[in-house]
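Student: I would like the atomic coordinates for the input below:
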Amino acid sequence: MTQPTAPDLQARALDRRGFLTLATAGVAGSALSVTIGSMTPAQGATLPTGTTAGVATSSRKRELRAMWIASVVNIDWPSRTGLSADELKAEYLHWLDVAAQLGLNAVFVQVRPTADAFWPSPYEPWSQYLTGTQGGDPGFDPLEFIVAETHARNLELHTWYNPYRVSMQADPAKLLPEHPARQHPDWVWPFAGKLYFDPGLPEAREHIYRAILHSVEHYDVDGVHFDDYFYPYPVAGQTLPDAGTYATHGAGFDTIESWRRNNVDEFVREISERIKALKPWVKFGISPFGIWRNKATDPRGSDTGGSQSYDGQFADTRRWVLEGWLDYINPQIYWQFGLAVADYLKLVPWWADVAAQSGTHLYVGEALYKVTSGAFTDPAELSNHLTYCAEVTGRGTPVHGNVYFSAVHVPQDPQGSMSRVRADHYTRPAIVPAMPHLPRTPVRPPILTHAHPEEGGVELHWLDPAPHRHRATSFAVYRAPGRHGRVDVDDAAHLLATVRSTGRVLQDFTDATAAPGERYTYVVTALDRVWNESGPSRPQHA
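Tutor: Purely as a prediction, here's the structure:
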């Protein structure tokens with residue numbers, strides 16, 4: 001996240017996931033700036049069909065709607081160091097309230113911003129961004145709290161990790177004596193004022209696997225998420241200090257660049273396999289810089305002219321998708337319509353075509369911060385992005401959702417941009433798209449027993465008839481007008497809410513939006529933990 005300041009591959013991807021048929025710039029918070037060219041749209045740039053500002057569009061029943069909650073240098077949460085446990089909790093709940101108000105259904109929360117942790121890890125110290133002191137105990141388990149509260153609101157939780165970054169400063173002596181970088185100084189090197197684990201060292205990679213997978217094993221997370229930081233972004237006049245590692249470990253590679261790229265490939269492949277071996281239902285996704293390669297460099301690339309992640313961060317993001325190593329790809333397409341060097345209108349269909357080849361889900365990273373900064377001058381820019389993503393989906397190359405960077409800008413609503421997104425696209429709730437290759441639970445249609453008007457709305461009761469091991473993770477509630485209305489569970493306009501299961505047989509929900517004196521018809525469906533849906537209950541009338 002950059003903040004300002006062919007057929008054989010497809011076959012392998014399908015085989016790895018068990019598909020029978022096809023179904024699917026830097027971390028927020030660094031001071032790094034990547035300039036790709038003029039921010040002025042190309043002359044003559046026009047909006048695609050359906051993206052006229054101010055034209056309302058219908059919601060989609062299935063799409064991911066998320067925001068990044070960044071912890072590095074206290075961008076979003078915690079807002080500053082030194083907060084009490086109660087203040088930390090209150091701030092996080094505030095961000096969940098923001099997500100609910102906007103109609104989001106997922107959050108991507110940074111829990112390992114450097115080689116540290118937002119949980120009691122046996123491998124790395126408590127993050128300094130909690131208390132202000134590396135290793136300082138915040139007085140509770142933040143990740144345990146994050147999981148519980150996020151799921152209570154039926155939001156999907158992707159825990160976000162920076163793999164290689166050790167510290168936002170370059171002096172190892174400022175780390176705790178027991179820090180792995182102090183214990184193994186040969187694992188790290190400084191670059192551009194920061195410390196990094198050497199991606200070319202198998203021992204360093206093994207440490208990173210263990211540090212990340214400890215949280216996956218011990219916490220009920222829904223996804224593992226990386227951003228765009230692999231090898232650090234290039235800096236003029238500076239050279240990566242890994243020539244010695246290449247000399248030791250680079251046998252068989254003609255160039256240091258191809259060796260570096262292979263190091264990252266192996267890291268992505270290996271952690272993907274380990275996540276699935278540990279918990280097959282946990283999603284793995286990466287949010288790379290928005291350009292893989294430019295067409296002028298590689299004919300398979302996009303019609304762009306900006307920085308290239310393949311060459312700059314040694315991240316072969318296209319390969320990761322085609323190999324089926326990822327459940328989703330979330331490129332940071334942080335540019336506007338018509339920008340000559342990186343046109344949103346060209347990048348979205350390029351990524352959608354690549355993702356469709358392996359059935360990988362595509363979520364588009366959206367630069368909300370560029371509305372705040374003034375780089376996006378049209379208040380409808382982001383809303384128009386979503387309209388265009390729906391058009392690309394309609395062509396048969398799905399865009400499965402959008403993710404906003406970052407949380408702090410959402411309630412600020414710069415230029416009314418997020419209010420417009422909500423009015424044009426998020427007036428109804430949405431269910432996270434199901435991934436057919438993930439293991440599913442045979443949930444059963446609920447038994448809706450009661451729908452009765454009460455003082456606070458219409459009160460619903462239903463039963464989950466499945467055996468305990470097959471019970472639903474959540475439920476979708478649908479409503480149609482009229483006492484004998486026809487409820488269409490495929491119609492986003494009929495989706496009223498999603499509700500987290502209590503784990504018991506008996507469930508309840510109050511429709512507080514029901515108008516007094518109006519008649520309605522309701523049905524309920526069951527959803528498993530990866531959002532596969534049962535058939536509907538029998539309708540009840542109120």
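Student: Can you show me the strands along the stretch 251-400 of the chain?
Tutor: Counting by DSSP state E, counting those that start in this stretch, the segments of the stretch 251-400 of the chain that form strands are 283-286, 328-329, 361-366.
Student: Let's have those strands in a markdown table, adding mean pLDDT and distance to residue 383.
Tutor: The C-beta positions use only the backbone N, C-alpha and C, and glycine is treated the same way. Rendered in a markdown table, the data for the strands of the stretch 251-400 of the chain read as follows (pLDDT from 0 to 100; distance: least, Cβ to Cβ, whole Å):
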| stretch | mean pLDDT | distance to residue 383 |
| --- | --- | --- |
| strand 283-286 | 98 | 24 |
| strand 328-329 | 98 | 23 |
| strand 361-366 | 98 | 10 |
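Student: Rebuild the ones you listed as TSV, extending it with mean neighbour count and distance to residue 128.
Tutor: Formatted as TSV, the strands of the stretch 251-400 of the chain follow (neighbours: other Cβ atoms under 10 Å; distance: least, Cβ to Cβ, whole Å):
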stretch	mean neighbour count	distance to residue 128
strand 283-286	22	25
strand 328-329	26	30
strand 361-366	26	26
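Student: Kindly state the beta-bridge partners for residue 533.
Tutor: Beta bridges link residue 533 to residue 527 when assigned by DSSP bridges.
Student: count of residues packed around it?
Tutor: Number of residues near residue 533 (other Cβ atoms under 10 Å) recorded here: 20.
Student: Give me the distance between it and residue 221.
Tutor: Between residue 533 and residue 221 the computed distance is 22 Å (Cβ to Cβ, to the nearest Å).
Student: hang on, the earlier thing: nearest to residue 80, of the strands of the stretch 251-400 of the chain?
Tutor: Each of the strands of the stretch 251-400 of the chain has some distance to residue 80 by Cβ to Cβ; the shortest is strand 361-366, at 25.7 Å.
Student: Contacts for stretch 165-184 next, please.
Tutor: Contacts of stretch 165-184 with the rest of the structure, by Cβ atoms under 8 Å, 6 or more residues apart in numbering, involve 27, 30, 72-73, 113-115, 123-125, 134-135, 185, 187-188, 190-191, 193-197, 203-204, 207, 229.
Student: Am I right that residue 522 sits in a strand?
Tutor: Yes. Assigned with DSSP: H, G, I helix; E, B strand; the rest coil, residue 522 falls within a strand.
Student: Would you mind listing the residues in contact with it?
Tutor: Remark: with contacts taken as Cβ under 8 Å, 6+ apart, residue 522 is in contact with 448, 451, 458, 460, 477-479, 487, 496, 511, 539-542.
Student: switch to 10 Å and redo it
Tutor: 448, 450-451, 458, 460, 462, 477-480, 485, 487, 494, 496, 509, 511, 514, 536-537, 539-542 (Cβ atoms under 10 Å, 6 or more residues apart in numbering).
Student: Just the buried residues of those residues.
Tutor: Among the contacts of residue 522, those classed as buried by 16 or more other Cβ atoms under 10 Å are 448, 451, 458, 460, 462, 477-480, 485, 487, 494, 496, 509, 511, 514, 536-537, 539-540, 542.
Student: Out of those residues, which sit inside helices?
Tutor: Using DSSP state H, no member of the buried ones among the contacts of residue 522 sits in helices.
Student: in stretch 138-158, what counts as buried?
Tutor: Counting neighbours by 16+ other Cβ under 10 Å, one finds that the buried residues in stretch 138-158 are 138, 141-143, 145-147, 149-151, 153-158.
Student: Stretch 393-405 now?
Tutor: Under the neighbour-count criterion of 16+ other Cβ under 10 Å, stretch 393-405 has 393, 397, 398, 399, 400, 401, 402, 403, 404, 405 buried.
Student: which of the residues you listed sit farthest apart?
Tutor: Using Cβ to Cβ, these span at most 23.4 Å, a distance reached by 397 and 405.
Student: Sketch out the low-pLDDT regions of the stretch 51-200 of the chain for me.
Tutor: Residue ranges of the stretch 51-200 of the chain with pLDDT under 70: 51-58.
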